[in-house]
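Fold the following.
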Amino acid sequence: MFYFSSKIISLFFKGLPFFFLIFYVPVFSQVQDSAMLISEVQLDVYRKPAKLITATKSVSVVDPNFLLQNAPGRLLESLNLLPGSKMEERSPGSYRFSIRGSTLRSPFGVRNVKIYLDDFSLTDAAGNTYLNILDPEILQSIEIYKGPESGDFGAVTGGTALLQTKNSEEKSFGISAGSFSHYKGKIRFAEQFKNHFLQVYTSYETTDSYRDHAALQRKFMFLNDRYFYGQNNQFHVLLLLSKLHYETPGGLTLAQMQENPRQARPKTATVPGAAEQQAGIYNKMIFAGLSNLINFTENFSHFIVVQGNYNDFQNPFITNFEKRFENNFTVRTHLNFAEKSLNSVYETRLGFEGAAAKAIIRNFDNKLGIPTNPQNFDNISANSGFVFLSQKAVFGEKMTIDLAGSLNLMNYRWKSIFPEITSGNRKFKNEFLPNLGISYLLGNGFSARGKIGKGNSAPTTEELRSSAQEINRSLNPEFGWNKEIGIRKQWGNLLFTELSFFDFRLKDAIVRRENDNGQEYFVNAGETVQKGIEFFAESRKIHINNKLLNSIKFYLAGNLYDFSFKNYIKNSADFSGNQLTGVPSTSLQNLMNIELLHGLKIDIAHFYTSKIPLNDANSVFAEPSFIGNISASYLLKSRTFNGSLCLSIQNIYNTPYSLGYDTNAFGNRFYNPAAGRNYLLGINLTLNSPL
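Next up, the predicted model:
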């Protein structure tokens, strides 16, 4: 069933010496600690708790230690530490995020990955997620589920991310400042009032950024109230307000980047430049939701979510000025049944998730950042949803079986108002997506798993009606089968390792292209073959009986990919066999946490990325990069507060690189240079509770 080319196997074994060099000597020579390994973390799995060691799913976890590696206001460093997870930031605020694949579909934003925040879906009815409206400092942990999941999470081929907000009582505030006029201030209040857990968080962030015309400003407020009633019943209210503006400097050619990497996209004889047209994103969002979990009996419960959001989105671009007003409404509900005995567990869930969205899209001529003459006016409605059944059985605390399936539906309706009045609709075929996972505990702390599942991902509104301003009636959903196996091993009480092999065959892959005006459009690119190996190893915090060095902790992860196009012919060009655009074959990352002098903590992280094909023809590749970050924090204590003083240095080797590329860019404008060595200083204070 699983065949992996000699190329990817050789890549894996080339990485083994580095793996053992990092871990063998220091880890097995020190005293162990009582702190939890990641294998001992309780997964949420959207209210279906499980232990990682026996989970049938391919999942990676971002814990608080990883979240501390981020620069304030972004998730890039913590997500990029995970195997198979990739976040890009072409300029501050311009996120792209992918799981086990590329960002072929995403000029910006998040597509083909389903994202939930606590009980609520951040992904809209069309499959788009504005992840950049969040301040990541509200988060406690993230679970990344890789590959198609169907069942509980519906129709995606990339994966699913579950974001969990902080749940600890705290009264805190903090400020940070650094290179490129960066500033951030934040305040958090969280406290238990009888049966209520109330949390309020607000922040303000601004930066001029490394490149010209790449400034960012974000204002954010988060309100969260959990009311506990009866026996294990919970009513949850969430309100989120965000106002985000960031400038988009645009991609550069290789010659322009070598001449001046800090410049914005310059004007040409026929097209104005990014700064001249005030290119950027203005995004205001209000998001509100209610959820309720009620337990009728010990074994039978019901859960429901009702949520809605309004999005005011404006995008002055080089060739037009787009205004988009979006309304989204989502409901999710499921019945849960569980039966437990001494040696077995049986759980079943039957549910439905449905969403409706309406987008009012207006495009105008852009005259130096001011909308003028109308170009195109369209109204587009999207309806999507899925009915799902998932079942889990645990036999004798050894074997776990997850069997799930979902019936997915998706349709669009549109009405063009200007320059011509037309209308139409597109209903995609309802898809049944099965998923089966099995895990078996071979011994104490040693498990093997296998998984097979089908995924489906329909075009988003921004792909159906892209910046080229035409309704693409011929664009089809992408779909495919994923097969994988994996082993997890806990070595005593000191080290946890995981190794996974997968083979994903994607058909009708959606690929982004640009026309000669720099406007994007999308096509189906035949079939892709995506084979890969992912691995990670994490040590427990190791205490050392030394006055200078108190403890040390190691983490290493990586992925080795052999991704290629199959049967992909565009016009007269045959790209079959070419490496998949935007995907490096090798990524390695590691993190070392060191504690010194009973209060000083130093974190050192490294990220290696191999060369990346920048177009479907594989005629241009980005150079490999090796990036290092270091941060130091010192604990502050007094009778009234605890806190920390933090210094971070990003890109310590001053490496020239891009944090994201514009793939298949017209005129070879692929490059978005990232900052060289830069600095950030911050202070965080938490008030002590009165005795």
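
Tell me which stretches of the stretch 51-200 of the chain form strands.
59-62, 85-89, 95-99, 110-111, 113-117, 120-121, 128-129, 139-146, 159-165, 170-178, 182-193, 196-207 (DSSP state E, counting those that start in this stretch).

Comparing the ones you listed by mean pLDDT, which bottoms out?
If those are sorted by mean pLDDT, strand 110-111 sits at the bottom with a mean of 83.

Counting by contacts, list what it packs against.
strand 95-99, strand 128-129 (3 or more CB pairs under 8 Å, 6 or more residues apart in numbering; DSSP states H and E). (Each C-beta comes from the backbone N, C-alpha and C, glycine too.)

what residues are up against the residue lying closest to residue 120 once chain neighbours are set aside?
Spatial nearest neighbour of residue 120, chain neighbours left out: residue 289 (4.4 Å); criterion: CB to CB, 6 or more residues apart in numbering. Residues near residue 289 by CB atoms under 8 Å, 6 or more residues apart in numbering: 119-120, 236-238, 305-308.

can you rerun that using 7 Å?
Applying CB atoms under 7 Å, 6 or more residues apart in numbering to residue 289 gives the contacts 120, 238, 305-307.

Can you tell me how far residue 283 is from residue 56?
Per CB to CB, to the nearest Å, residue 283 is found 37 Å from residue 56.

so where's the stretch 1-150 of the chain uncertain?
1-39, 106-108 (pLDDT under 70).

Confirm for me that residue 319 is in contact with residue 519.
Yes. Counting by CB atoms under 7 Å, residue 519 is a contact partner of residue 319 at 6.1 Å.

can you give me the helices for the stretch 251-400 of the chain?
Taking DSSP state H, counting those that start in this stretch as the criterion, the stretch 251-400 of the chain contains helices spanning 254-259.

for it, what spans make up the strands?
Per DSSP E, counting those that start in this stretch, the stretch 251-400 of the chain carries strands over the ranges 280-295, 300-316, 321-340, 344-367, 370-395, 399-418.

quick one, the third one and strand 344-367 angle?
Read it as strand 321-340. 180 degrees (axes from the mean of the first three to the mean of the last three CA atoms, to 10 degrees).

now do the longest one
Angular relation of strand 370-395 and strand 344-367 on a 0 to 180 degree scale: 170 degrees, by the same axes, to 10 degrees.

Which elements pack onto strand 370-395?
strand 344-367, strand 399-418 (3 or more CB pairs under 7 Å, 6 or more residues apart in numbering; DSSP states H and E).

repeat for the last one
Of the remaining helices and strands, those touching strand 399-418 by 3+ CB pairs under 7 Å, 6+ apart are strand 370-395, strand 422-443.

Surely residue 50 and residue 43 touch.
Yes. Residue 50 lies in contact with residue 43 (CB under 7 Å); the separation is 4.8 Å.

Residues in a beta bridge with the residue nearest to residue 120, which ones?
residue 238, residue 307 (DSSP bridges).

ok, now residue 184?
residue 176, residue 205.

Touching, it and residue 176? I think so.
Yes. Contact criterion CB under 7 Å: residue 184 and residue 176 qualify, at 4.9 Å.

now the helices and strands packed on strand 110-111 in TSV, with mean neighbour count?
Putting those into TSV (neighbours: other CB atoms under 10 Å) gives the following:
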stretch	mean neighbour count
strand 95-99	25
strand 128-129	24
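
Could you export those strands as a markdown table, including distance to residue 149?
Output for the helices and strands packed on strand 110-111, formatted as a markdown table (distance: least, CB to CB, whole Å):
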| stretch | distance to residue 149 |
| --- | --- |
| strand 95-99 | 11 |
| strand 128-129 | 16 |
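
number of nearby residues for the residue lying closest to residue 437 once chain neighbours are set aside?
In space, and not counting its chain neighbours, residue 437 is closest to residue 56: 3.0 Å by CB to CB, 6+ apart. For residue 56, the neighbour count with other CB atoms under 10 Å is 23.

quick one: the strands in the stretch 401-550 of the chain?
422-443, 446-457, 478-491, 495-507, 510-514, 520-524, 527-539, 542-543, 549-566.

And these, which one averages the lowest pLDDT?
Among those, strand 510-514 scores lowest, with a mean of 77.

tell me the most buried of the helices and strands packed on strand 399-418?
Comparing these by mean neighbour count (mean count of other CB atoms under 10 Å), strand 370-395 ranks first with a mean of 18.
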